[in-house]
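Q: heads up, no residue letters with this:
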């Protein structure tokens, strides 16, 4: 047995854990991060699946990273990170015949001109939407990327637009993606830029607040693009690791955490499968999925019965199937406007998105899957030899379905759908690799059943309901233990905010008013999880 003592133990070396380690180390804390895999990064990793072709194994495009004040504050460019952009941000071919496609460019005037070709009113409508983002975007991001209760972001919004417009904005943000598109635009192309971006999350396009996901990603794409790290997603994780180590954090791989010791209501030590024990003087930050933290690592008597019951209602997002290809040439799209886009939304028009979502929710395997398609060499020319393309697509299985046979059948339907939009695609495939839900989970245990978002993004499990009804903060019922994964607010995406909020909460409890802060938080958690007479 090996025993080490640190100010803070970070469980999990995904990007949130690496952010937390860097922030705590910057504050002068002795930090020990423990990652079960042999490679850091979690779902921010890349590999050479075919000689000379770099594939991103999970996440690939990073508009949230470009917009994140947390990642910007870490100055990762000083740690070797470089960004690359495709000629166009994203494209959504409307039908397989290639006659029309909505294309988002980093130049808003160019985006608007293309949308106006689909309907004359939509160019000006797009520019008006961009102007709205110019006015309120920073305040919106400040509201989203902070712990509850958000104060500064909403206050800034009220100062800028006033109470009456704030009420109208609240209604706008609550709209389903389909309804939002109908209210903003006359043509299908512009509406698809919203709807296609909305289903990056697992919220159906007709679900309340699904529109906000589409609006947010579309506006971030317009302002920041959908950049990729030069050399692969793993280069972002490598830069974060260099940043954390440079600040003094110790990062250990191959250390699978088996349990957390709790004494006197406080997390005091972490034990790994190799026999390592790390005692925590101040904090334990968990960059792991909430059900794994609460059910697998903590003693059962550390959790109130109500919290355990709430965990039984925790909803994972829908399982992912991902197909990776090495191609001997560019993709032969019917619509040439699609060729320059790094991200392509493929397989469904406006009505098709609704049908596809209904299949997913009703546990029917979609005949024509809607997918996110990545042209990685188009976005970063070094991903494969000159004149070739490294590409991938991912789509979703129905909720609750994650078996290998269903995954393989869905992957075949992905191939067929791509062939429909790009005849001759299959003839250019040098190598094909399918990542089924079980493969995703085997590579990163946080991706339970192939869920890549840390839990559903639907409203009933967002904000103060994430991961269970509570405070919307990283503090837990165990003193000194903080949830800093995508299971915590604000949820999925590569933005680093979950890890940052957890680290900031830990630091806050060590300051002058830290004892008062903890008492207030503990009292609030007691109110949330105390048994009701009907629960006894």
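A: Sure, I can see it. Quantities reported herein were computed from a predicted structural model and do not represent experimental measurements.

Q: just to be sure, residue 494 is in a helix?
A: No: assessed by DSSP: H, G, I helix; E, B strand; the rest coil, residue 494 does not belong to a helix; its assignment is coil.

Q: for it, phi and psi?
A: Per-residue torsions, residue 494: phi -90, psi 90 (degrees, to the nearest 10).

Q: the helix or strand encompassing residue 64: what's the following helix or strand?
A: Of the helices and strands defined by DSSP states H and E, residue 64 is found in helix 63-67. Sequence order places helix 69-73 as the next helix or strand after helix 63-67, per DSSP H and E.

Q: what packs against that following helix?
A: Packing contacts for helix 69-73, counted by 3 or more Cβ pairs under 8 Å, 6 or more residues apart in numbering; DSSP states H and E, involve no helix or strand. Yep, even glycine has a C-beta here, placed from its N, CA and C like the rest.

Q: averaged pLDDT, whichever helix or strand comes after that helix. What do you get?
A: Tracing the chain C-terminally past helix 69-73 and defining elements by DSSP H and E, one meets strand 83-84 next. Predicted confidence along strand 83-84 averages 98 (mean pLDDT).

Q: strand 83-84 packs against which elements?
A: For strand 83-84, the packing partners by 3+ Cβ pairs under 8 Å, 6+ apart are strand 228-229.

Q: quick one: buried residues of the one helix or strand residue 222 maps to?
A: Taking DSSP H and E as the definition, residue 222 sits inside helix 210-224. By 16 or more other Cβ atoms under 10 Å, the buried positions in helix 210-224 come out as 210-224.

Q: same question, stretch 16-23
A: Applying 16+ other Cβ under 10 Å to stretch 16-23 flags 16, 17, 18, 19, 20, 21, 22, 23 as buried.

Q: and the strands in the stretch 101-250 of the chain?
A: Ranges of strands in the stretch 101-250 of the chain, per DSSP state E, counting those that start in this stretch, are 101-104, 228-229, 250-252.

Q: now render the ones you listed as CSV, adding mean neighbour count, mean pLDDT and distance to residue 65.
A: Compiled in CSV, the strands of the stretch 101-250 of the chain are given as follows (neighbours: other Cβ atoms under 10 Å; pLDDT from 0 to 100; distance: least, Cβ to Cβ, whole Å):
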stretch, mean neighbour count, mean pLDDT, distance to residue 65
strand 101-104, 26, 96, 18
strand 228-229, 28, 98, 9
strand 250-252, 18, 98, 20
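
Q: ok, residue 394 - contacts?
A: Listed by Cβ atoms under 8 Å, 6 or more residues apart in numbering, the contact partners of residue 394 are 320, 321, 322, 323, 371, 372.

Q: tell me how far residue 68 lies from residue 382.
A: According to Cβ to Cβ, to the nearest Å, residue 68 stands 24 Å off from residue 382.

Q: avg pLDDT for stretch 238-245?
A: Along stretch 238-245, the predicted confidence averages to a pLDDT of 98.

Q: contact partners of it?
A: Outside stretch 238-245, the residues that reach it (Cβ under 8 Å, 6+ apart) are 13, 15, 18-19, 21-22, 25, 31, 33, 40-41, 74-76, 79-81, 229, 251.

Q: and the nearest residue to residue 103 once chain neighbours are set aside, what's its pLDDT?
A: Excluding its sequence neighbours, the residue lying closest to residue 103 (Cβ to Cβ, 6 or more residues apart in numbering) is residue 91, at 4.6 Å. Confidence at residue 91, expressed as pLDDT, is 98.

Q: could you do the one 5 residues further on as well?
A: Residue 96 carries a pLDDT score of 90 in this model.

Q: how many neighbouring residues does it have?
A: Other residues near residue 96 number 18, with proximity taken as other Cβ atoms under 10 Å.

Q: return the member of the buried residues of stretch 16-23 nearest to residue 106.
A: Within these, distances to residue 106 taken as Cβ to Cβ reach their minimum at residue 19, with 26.4 Å.

Q: just the mean pLDDT for the stretch of helix or strand that closest one belongs to, thanks.
A: Secondary structure here is read from DSSP H and E; on that basis residue 19 sits in helix 15-26. On average, the pLDDT along helix 15-26 is 98.

Q: again with stretch 440-458
A: For stretch 440-458, the per-residue pLDDT values average out at 94.

Q: straight-line length of that stretch, end to end?
A: Taking Cα to Cα, to the nearest Å, stretch 440-458 runs 22 Å from one end to the other.

Q: buried residues in that stretch?
A: If you call a residue buried by 16+ other Cβ under 10 Å, then stretch 440-458 has these buried ones: 440-441, 443-458.

Q: ok, now stretch 84-94?
A: 84, 85, 86, 88, 89, 90, 91, 92, 93, 94.

Q: just give me how far it sits from the chain centre.
A: Stretch 84-94 sits 19 Å away from the centroid of its parent chain (Cα atoms, centre = their mean, to the nearest Å).

Q: circling back: quick one: residues in contact with the helix holding residue 64.
A: Contacts with helix 63-67, where a contact means Cβ under 8 Å, 6+ apart, come from 71, 83, 141, 217, 220-221, 223-227, 236, 493-496.

Q: can you list contacts of the helix or strand of the chain with the lowest mean pLDDT?
A: Ranked by mean pLDDT, DSSP states H and E, the weakest helix or strand in the chain is helix 514-529, scoring a mean of 80. Under the contact criterion Cβ under 8 Å, 6+ apart, helix 514-529 has outside partners 304, 306-307, 469-471, 473, 475-477, 479, 508-509.

Q: lowest pLDDT pick from those residues?
A: Comparing pLDDT over the contacts of helix 514-529, the lowest reading goes to residue 471, 84.
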